[in-house]
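> Got a sequence here, can you model it:
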Amino acid sequence: MERYKLAKERIAQIPEENIVKMPYQDFFIKEAEFLQKVISVMDENQEQDKTLEELQAQNYELYQDVLPQNYEKSYGNPVYAQKMLGEYGRAFTFLYTELHGTIGYAFEKKVWDITVGLELFLEMYSAFSEEELPAEKQVREILLSYVNDYCQDMVETRIREGVDPEEDFAVNIIMKSDLNDLRYLYRFGEYISESQLETARFLNSMSQEEIDSMAGTYTEGYRMGFVTGRKDIRKKKTVNIRYELGFERMVKAAILQFEEMGLKAVIYRHALHAVNKRSQNRVGFTGAVANPQFDYDHRQDSALFMDSDFVKRKLRAMQTSYDEYADLAEVHGGPAVIETFGEKPFSPVNKEECWTFSEAQQKLQVELDNESGQIVNRYIKGEERSFTIIAYPIPEIGENFQDIFREIVKINTLDYKKYQKIQQTIIDTLDTCEWVEIKGKGDNETDLLIHLHTLTDPQKQTNFENCVADVNIPLGEVFTSPVLAGTGGILHVSKVYLNGLQFCDLKLVFDCGQVIDYTCSNFDTEEENRKYIEDNILFHHPRLAMGEFAIGTNTTAYVAAQKYDIADKLPILIAEKMGPHFAVGDTCYSWAEDTPVYNPDGKEIIARDNEISEMRKDDVSLAYYGCHTDITIPYDELGSICAVDDDGDMIPVIEDGRFVLPGTEALNEAFGEL
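Numbers count the residues shown, from 1 in each chain. Next up is the predicted model:
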């Protein structure tokens, strides 16, 4: 607190001073004024009664600089920072983004996190207050010292937030607020757009019975993940809820339902320190994304400090932190995720002024992801944890938001017994064959051959999991991990939305089950298109395996997508059920391959491994990628799916985008609504 008071007093003086040369003075004055707004939030009594309009004005003031309409002249924009500050541009845009995170810390009253940010700013200000400007290398070293000095503290806090129910900032807001009074949304410290307000209003218009039913689908899916995986949920005491603000009524009902299962909710904010971020992905609770281009521009800010020493430092910090919280980690059950969809598909602009990984740094990031995954798995064991994930639309999806929302509720609660029987028919046919052929139609160039595992005891074994409504909601797929040898061909889809980004005319070429070539048409040059895929699908792995092949059966979801013209806005969670899909990266059973998994008919799913994951037996560092990205071919681009027996005879499952296998015709009924 003493350091905090000294820092804020010094920052208050900066706007009145004139000791830094232009153009750098402009940056420091603007940031000092921004930090004073953050400090006022930190110091104010949260119980202070403000009107909704006052809270909205405060929220806008805190986030206005990165909003699209202001971003061209924001130091958070690497292009503007470099234009104004020259060789120091990248360092200052990194500093800007780190300081932007102090907004969240101020609302959570995290005095340590806000203090180290203020002190970093003052150290930089002091360096530029000298008669002679510091060397660019000296400026970077100030930032590097900050990262290295505080890495342990930042990582430890992040790990504790993930497993300790005593870290209850968000839970307290949800459980203790009057959720009909939308002022509660502004207590989180996230950017609040009209989307969060309208979502909350809509949920407030629903009956408690409807809310409890939505929450019940979600929490029961989580519980069933333990049941179907033959894991003991009674050993677990916590569950991590991840969601976008606006869904508090549902989350509150879910917290109460989880408590009835003996699980306390852990809800933490998406990472704000660069040390803990992973690309532009937000893991945790989040408000609206004020500007997706801002997040994208800073997705590789860790290029500032990514070297072998940092990798060792962060892994050591993770290890010691998990050691400290081992008891909490052991009883943690895994994540329960509420995804949202409907925002305008984001196709980013690539900027050479951004921090960008070198080839060596890309390899280090892969090493860090791999090793950190192993550490997590030692403390939150894959064979003992589970998860669930469900998705709902947000108002940005269009004027039919409420109708679409109710349609998604219907899709999330389809008759699992009906689908279970139909999907078992597909599985029984596929289990008689060793190969599956998938072809596109029209302009779709897909031509793939999938190699299946050999069943040594077909009476007790199966290759495909019969996926109904448990961890992966909604229901509607049968999936397997292919044998890589013999799996190959071209995967092509005209438009798909992956990891929050839009890909146009995406093509992946497989040989021996691994991606050997790739392209898309998002950008003007082939170099940019390939880099886009390398950054956001391959995640810098030189090759990535096909970890999953699945056939989606949820024609109801497909028809809803066509009816409301929202196919390009659906999350992969739903889109993957609307046709065959192929995941690049780890298998669906990563870190739990040795745990038997059974279908409802009692058969064991033996296809839990491939040639990559089997390497864990000799060297676990070679067995996992730390990613799993599903890519779906929609029914309207699908020519055929055929099971192929040893004699080369084909058994059609789908032809011209329709199910033709006897016993599956009921899936075509939904198409009648088109």
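> what about V436, neighbour count?
Counted by other C-beta atoms under 10 Å, the residues lying close to V436 total 25. In short, each C-beta sits where N, CA and C put it, glycine included.
> Now do the contacts for it.
By C-beta atoms under 8 Å, 6 or more residues apart in numbering, the contact set of V436 is 430, 449-450, 452, 549, 641-644.
> who's it bridged to?
Note on V436: beta-bridge partners by DSSP bridges are I450, A643.
> Quickly note the distance from it to V483.
Per C-beta to C-beta, to the nearest Å, V436 is found 11 Å from V483.
> Residues that sit against both of these two, list them.
The overlap between the contact sets of V436 and V483 (C-beta under 8 Å, 6+ apart) consists of L452.
> Name the nearest of the contacts of V436 relative to V111.
Of all these, V111 sits closest to F549, with 50.7 Å by C-beta to C-beta.
> V38 looks like it's in a helix, true?
Yes. The assignment for V38 is a helix, going by DSSP: H, G, I helix; E, B strand; the rest coil.
> my read: it touches Q58, true?
No. The pair V38 / Q58 is not scored as a contact, 10.8 Å apart, by C-beta atoms under 8 Å.
> quick one, which of these two is more surrounded?
Applying other C-beta under 10 Å to V38 and Q58 shows that V38 carries more neighbours, namely 25 against 16.
> show me what contacts that one?
62, 102-103, 106, 114.
> if we go to 10 Å?
Contact partners of V38, counting by C-beta atoms under 10 Å, 6 or more residues apart in numbering, are 8, 11, 62, 99-107, 114, 117-118, 189.
> And for D568?
344-345, 494-497, 502, 561, 575.
> Considering those residues, which possesses the most neighbours?
A575 (27 neighbours).
> Below-threshold pLDDT in the stretch 351-500 of the chain: ranges please.
Within the stretch 351-500 of the chain, the segments meeting pLDDT under 70 span 469.
> the domain parsing of this structure - what is it?
Domain ranges of the chain: 2-134, 169-379, 414-673, per automatic domain parsing.
> what's the spacing between the first one and its chain's center?
Using C-alpha atoms, centre = their mean, to the nearest Å, we find the averaged C-alpha position of domain 2-134 to lie 28 Å away from the chain's own average C-alpha position.
> Likewise for the second one?
Averaging C-alpha positions (C-alpha atoms, centre = their mean) puts domain 169-379 8 Å from its chain's average.
> before we move on, back to that, got TSV for the domains of the chain, with distance to R406 too?
Formatted as TSV, the domains of the chain follow (distance: least, C-beta to C-beta, whole Å):
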stretch	distance to R406
domain 2-134	27
domain 169-379	9
domain 414-673	10
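> looking at those, which is closest to C151?
Nearest of the domains of the chain (C-beta to C-beta): domain 169-379, 5.2 Å.
> Need the outlier residue of this protein, farthest from its centre.
E131 (46.2 Å; C-alpha atoms, centre = their mean).
> That residue and Q56: what is the separation?
For E131 relative to Q56 (C-beta to C-beta), the value is 45 Å.
> same thing with I394?
To Q56, I394 is 18 Å away according to C-beta to C-beta.
> ditto for I408
Here the criterion is C-beta to C-beta. By it, I408 lies 28 Å from Q56.
> What's the local residue count around the nearest residue to I566 once chain neighbours are set aside?
Closest residue in space to I566, ignoring its immediate chain neighbours: I397 at 6.0 Å, by C-beta to C-beta, 6 or more residues apart in numbering. Burial measure for I397: 23 neighbouring residues, criterion other C-beta under 10 Å.
> Name all residues that make contact with I397.
I397 neighbours (C-beta under 10 Å, 6+ apart): 195, 340-344, 404-405, 408, 564-566, 569-570.
> if you set the cut-off to 8 Å instead, what comes out?
Here I397 is in contact with 341-343, 404, 564, 566, 569 (criterion: C-beta under 8 Å, 6+ apart).
> Which neighbouring elements make contact with the top helix by length along the chain?
The single longest helix within the chain, with elements called by DSSP state H, is helix 136-163. The contact analysis (3 or more C-beta pairs under 8 Å, 6 or more residues apart in numbering; DSSP states H and E) places helix 136-163 against helix 89-100, helix 111-128, strand 264-266, helix 308-324, helix 326-330.
> Just the buried residues of the helix or strand just after it, please?
For helix 136-163, the succeeding helix or strand toward the C-terminus, using DSSP states H and E, is helix 169-176. Going by neighbour count (16 or more other C-beta atoms under 10 Å), the buried part of helix 169-176 is 169-171, 173-174.
> do the same with stretch 374-384
In stretch 374-384, counting by 16+ other C-beta under 10 Å, buried: 374-377, 379-382, 384.
> got the CA coordinates for that stretch in CSV?
Listed next in CSV are the C-alpha coordinates belonging to stretch 374-384 (Å, rounded to 0.1, in the frame of the first residue of the first chain):
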residue,chain,number,x,y,z
GLN,A,374,2.3,-31.8,-18.7
ILE,A,375,2.6,-29.9,-15.4
VAL,A,376,-1.1,-29.2,-15.3
ASN,A,377,-1.9,-32.8,-16.0
ARG,A,378,0.3,-34.0,-13.1
TYR,A,379,-1.8,-32.0,-10.7
ILE,A,380,-5.3,-31.9,-12.4
LYS,A,381,-5.2,-35.4,-13.8
GLY,A,382,-6.7,-36.0,-17.2
GLU,A,383,-8.1,-39.4,-16.2
GLU,A,384,-9.9,-37.9,-13.2
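> How far away from the center of its chain is the lowest-mean-pLDDT helix or strand in the chain?
The helix or strand of the chain with the poorest confidence is helix 572-575; it has a mean of 88 (mean pLDDT, DSSP states H and E). Helix 572-575 sits 13 Å away from the centroid of its parent chain (C-alpha atoms, centre = their mean).
> Restricting to C-alpha, output it in CSV.
Provided in CSV are the C-alpha atoms of helix 572-575 (Å, rounded to 0.1, in the frame of the first residue of the first chain):
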residue,chain,number,x,y,z
ILE,A,572,-17.6,-24.8,-33.9
LEU,A,573,-19.4,-26.5,-31.0
ILE,A,574,-22.6,-26.4,-33.0
ALA,A,575,-21.1,-26.3,-36.5
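> hmm, who's touching that helix?
The contact list for helix 572-575 (C-beta under 8 Å, 6+ apart) reads 339, 341, 389-391, 408, 411, 472-474, 496-498, 554, 557, 561, 567, 581, 629-630, 632, 634.
> okay, how far is it across stretch 234-254, tip to tip?
18 Å (C-alpha to C-alpha, to the nearest Å).
> next one: stretch 406-424
Start to finish, the residues bounding stretch 406-424 are 28 Å apart (C-alpha to C-alpha).
> just stretch 295-309 next, same as before
26 Å.
> could you say what helices and strands the one helix or strand V493 maps to packs with?
In this structure, V493 sits in strand 483-498 according to DSSP H and E. Counting contacts by 3+ C-beta pairs under 8 Å, 6+ apart, strand 483-498 packs against strand 447-451, strand 501-511, helix 572-575, strand 628-632.
> export those to CSV and tack on distance to F285?
Shown next, in CSV, are the helices and strands packed on strand 483-498 (distance: least, C-beta to C-beta, whole Å):
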stretch, distance to F285
strand 447-451, 38
strand 501-511, 21
helix 572-575, 18
strand 628-632, 22
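> Could you say which one of those comes nearest to M224?
Among the helices and strands packed on strand 483-498, helix 572-575 comes nearest to M224, with 16.3 Å by C-beta to C-beta.
> For the nearest residue to S590 once chain neighbours are set aside, give its distance to T480.
What sits nearest to S590 in space, not counting adjacent residues and going by C-beta to C-beta, 6+ apart, is Y624, at 5.8 Å. Using C-beta to C-beta, Y624 is found at 18 Å from T480.
> So if I had to pick from those two, which one is more boxed in?
T480 (26 against 23).
> what pairs with the more buried one across the strands?
The partner residues for T480, given DSSP bridges, come to F549.
> For the stretch 351-500 of the chain, just list every one of the strands.
Taking DSSP state E, counting those that start in this stretch as the criterion, the stretch 351-500 of the chain carries its strands at 388-393, 435-440, 447-451, 461-462, 465-467, 477-480, 483-498.
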